[in-house]
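[1] Take a look and give me a structure for this.
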Amino acid sequence: MKAADPDVIIVRELLRAKDDFVSGSDLAQAIGISRVAIWQHMEKLRDRGFTFEAIRSRGYRLTERPTELDALMIRARLPRKAKCRVITLDTVDSTNDEAMRQAGHGSEMPLVVISREQTKGRGRLGRDWLSEPNGNLYLSFVFQPQVAPEKLPTITPWVGVNLCSFLADYAKITPQVKWPNDLQVDGLKLAGILTEARLDADRIRDLVIGCGLNLSPPSDGWQGELAGRAVSMAEITDRSSDINHFAAGLVARLLKACDAFQEGTFTDRLAELWHRYDSLRGREITLLHGRDTITGIGHGIDHEGCLLLETSGGKMQSFRAGEVTLAKR
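    Numbering: from 1, shown residues only. Predicted coordinates for the structure are as follows:
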């Protein structure tokens, strides 16, 4: 991973200072460049939508920043040791597809692609995903985990509980995860996860974790099958959303989750968080398996991410996400 971008360091230090000034000499020393070079970077940042107040002998203070999705703002808000390339787009066919294209072209990883609109967004089993440019967030994180392919089924539930934990901390809401890949609030869908991978016989070549989050409702309200089934952050929390602050927090949580996945240190934590956020535990569930239906009581997931269902006679069965689907209620 290449050395830190001077623009990232400048913006990070100014954000940390809040309403205080940061001297040009301190910035120059932190980056290892001249004060003249700092001024040149400031001019470049002004062209990107940043506004500064500059006072001789006091330095610089950030007075305005981009309010739209901005890769530099996101990178500046990530933890100092976080290593992740960030690509932001106004529109894209699919963030998962773009992330996979970037991986195929040999781009530096880990990498995250974030967009406000998808023209060909999709969910699990190839279903269409509403991806209008109305303030929502579509994000795909791609990396190359050094783990065996049989570990793949646990990544989606692990990401799901980490997203629940992040949203609970960030927005002070009470989300739940609905097996295998949905996040809900009060039974209404708030977000979805789509995990895709390129595999070799004995390794995962590239792993893409796609997340679609409803930040705002559609301009004409939830229509069709989404009416009464979906919800957005704007409808359930009063917290004002700085899109770049939100995205940076989400990326930081994904980085930590993926590190734990690679290190194999997440199993106990997954069990703990799934028990906390599981929306199906103790509920009667009907699964569709081809033309057959299977009904039972939800009992969480096993160590492989399979749904545990207590069927008639008290028999406990496990089901993989690729084998069954949940019947709509």
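
[2] rest of the way, CA atoms for contacts and neighbours
    Will do.

[3] right, and the helix or strand after the longest strand seen in the chain?
    Looking across the chain with DSSP state E, the single longest strand is strand 188-199. Moving toward the C-terminus from strand 188-199, the next helix or strand (DSSP states H and E) is strand 204-213.

[4] one step back: what distance separates the longest strand of the chain from the middle of the whole chain?
    Relative to its chain's centre, strand 188-199 lies at 10 Å (CA atoms, centre = their mean, to the nearest Å).

[5] which of the residues in that strand are buried?
    Leu188, Lys189, Leu190, Ala191, Gly192, Ile193, Leu194, Thr195, Glu196, Ala197 (16 or more other CA atoms under 10 Å).

[6] beta partners for the fourth one?
    For Ala191, the beta-bridge assignment (DSSP bridges) gives partners Leu183, Leu213.

[7] Point out the other helices and strands that the longest helix seen in the chain packs with.
    Longest helix of the chain, by residue count under DSSP state H: helix 243-263. If contacts are counted by 3 or more CA pairs under 8 Å, 6 or more residues apart in numbering; DSSP states H and E, helix 243-263 sits against helix 71-77, helix 155-171.

[8] so where's the stretch 201-329 of the chain shaky on pLDDT?
    240, 329 (pLDDT under 70).

[9] Would you map the strands across it?
    204-213, 284-289, 292-301, 307-310, 316-319, 325-326 (DSSP state E, counting those that start in this stretch).

[10] Could I get the buried residue list for the second one?
    Meaning strand 284-289. Within strand 284-289, the residues that qualify as buried are Ile285, Thr286, Leu287, counting by 16+ other CA under 10 Å.

[11] one step back: which one, of the strands of the stretch 201-329 of the chain, ends up nearest to Lys151?
    Ranking those by distance to Lys151, with CA to CA as the measure, places strand 204-213 first at 9.6 Å.

[12] by how many degrees do the closest one and strand 188-199 diverge?
    What separates the directions of strand 204-213 and strand 188-199 is an angle of 170 degrees, with axes from the mean of the first three to the mean of the last three CA atoms, to 10 degrees.

[13] Mind listing residues that contact strand 204-213?
    95-96, 99-100, 103, 136-149, 156, 190-199, 232 (CA atoms under 8 Å, 6 or more residues apart in numbering).

[14] can you check stretch 64-72 too?
    Under CA under 8 Å, 6+ apart, the answer for stretch 64-72 is 7-8, 48-52, 73, 86-89, 115-116, 242-244.

[15] Drop anything exposed from those.
    For these, a neighbour count by 16+ other CA under 10 Å gives the buried set as 7-8, 50-52, 73, 86-89, 115-116, 243-244.

[16] And the host helix or strand of Val177, what does it pack against?
    Using DSSP H and E, Val177 maps to strand 176-178. When contacts are defined as 3+ CA pairs under 8 Å, 6+ apart, strand 176-178 packs onto helix 155-171, strand 182-185, helix 267-277.

[17] Packed most tightly, which of the ones you listed would that be?
    Highest mean neighbour count among the helices and strands packed on strand 176-178 (mean count of other CA atoms under 10 Å): strand 182-185, with a mean of 23.

[18] Which neighbouring elements make contact with that strand?
    Strand 182-185 makes packing contacts with helix 155-171, strand 176-178, strand 188-199 when contacts are defined by 3+ CA pairs under 8 Å, 6+ apart.

[19] For Leu254, which of the ones you listed is the nearest?
    Nearest of the helices and strands packed on strand 182-185 (CA to CA): helix 155-171, 7.2 Å.

[20] Convert the C-alpha atoms of that closest one to PDB, please.
    Output of helix 155-171 as PDB, limited to C-alpha atoms (Å, rounded to 0.1, in the frame of the first residue of the first chain):
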ATOM      1  CA  ILE A 155     -19.000 -14.100   5.900                       C
ATOM      2  CA  THR A 156     -22.600 -12.900   5.200                       C
ATOM      3  CA  PRO A 157     -23.900 -13.400   8.700                       C
ATOM      4  CA  TRP A 158     -20.700 -12.000  10.100                       C
ATOM      5  CA  VAL A 159     -21.000  -8.900   8.100                       C
ATOM      6  CA  GLY A 160     -24.700  -8.700   8.900                       C
ATOM      7  CA  VAL A 161     -24.200  -8.600  12.700                       C
ATOM      8  CA  ASN A 162     -21.400  -6.100  12.300                       C
ATOM      9  CA  LEU A 163     -23.700  -3.800  10.300                       C
ATOM     10  CA  CYS A 164     -26.300  -4.100  13.000                       C
ATOM     11  CA  SER A 165     -23.800  -3.200  15.700                       C
ATOM     12  CA  PHE A 166     -22.500  -0.200  13.700                       C
ATOM     13  CA  LEU A 167     -26.000   1.100  13.000                       C
ATOM     14  CA  ALA A 168     -27.000   0.600  16.700                       C
ATOM     15  CA  ASP A 169     -24.000   2.700  17.800                       C
ATOM     16  CA  TYR A 170     -24.100   5.300  15.000                       C
ATOM     17  CA  ALA A 171     -27.900   6.000  14.900                       C
END
